[in-house]
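Asks: predicted model follows, preceded by the sequence.
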Amino acid sequence: MDSLFWDAPEVVRFGITENLYGGDEVRNFRQNRPNPKIEREISNLKVVTFGKDVATVTLEFHRIINGVERFGRQSQTWYRFAEGWKVVSAHVSLLPVQVSKL
C-alpha cells in the first residue's frame, strides 16, 4: 500500500486518530500500525476523473471494531505521475456510534 502514496512532503493523510504530513509520516504510520489488516465492507464507491491525470475516490464503509459495528467514510485524490497513479491526499473518518433509543 505504501507504493500507492506519493512519496513527497506535500502528501497528506488524515486518519481516524492521526494527521500525517509527507511520505515519511504516511509510511511510518502504515509500518507501525497495531492492526495492519483492516477488513471492511465498502459501499457507495464513486470515482470521478478530471481529464486524464486527476481522479477523486469517495466511499463509505462499515466494519467491526472491538465488537461494535462502526460506519465511516474515506476520500482520496489521485494524480497520474510519469511513474503511475499515486494518492496525493487521503482522509478516513468514523461516524459517531449510533445509540439505540429503546
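Replies: Sure thing, it's come through.
Asks: can you tell me how far the residue lying closest to Trp6 once chain neighbours are set aside sits from Asn44?
Replies: Leaving out its chain neighbours, the residue that sits closest to Trp6 by Cβ to Cβ, 6 or more residues apart in numbering is Lys86, at 4.1 Å. No exception for glycine: its C-beta is placed from N, CA and C like everyone else's. Plainly put, Lys86 is 24 Å away from Asn44 if you go by Cβ to Cβ, to the nearest Å.
Asks: where in the protein is pLDDT low?
Replies: Along the chain, the parts satisfying pLDDT under 70 run over 35-37, 99-102.
Asks: let's see 80
Replies: The chain contains residues with pLDDT under 80 at 1-2, 33-38, 98-102.
Asks: longest single strand anywhere in it?
Replies: Identified as the longest strand of the chain according to DSSP state E is strand 68-81.
Asks: ok, back up a step: who's more crowded, Lys86 and Asn44?
Replies: Neighbours per residue (other Cβ atoms under 10 Å) separate Lys86 from Asn44, with Lys86 holding more: 18 against 9.
Asks: and that one, what is it in contact with?
Replies: Under the criterion of Cβ atoms under 8 Å, 6 or more residues apart in numbering, the neighbours of Lys86 are Leu4, Phe5, Trp6, Trp78, Tyr79, Arg80.
Asks: related to what we said a few turns ago, can you list the strands that the longest strand of the chain pairs with?
Replies: Strand pairing for strand 68-81, using DSSP bridges, gives strand 54-65 (antiparallel), strand 84-94 (antiparallel).
Asks: mind putting those strands into CSV with distance to Val26?
Replies: What follows is the strands paired with strand 68-81, written out as CSV (distance: least, Cβ to Cβ, whole Å):
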stretch, distance to Val26
strand 54-65, 16
strand 84-94, 8
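Asks: out of those, nearest to Ile38?
Replies: With Cβ to Cβ as the measure, strand 54-65 is the member of the strands paired with strand 68-81 nearest Ile38 (6.8 Å).
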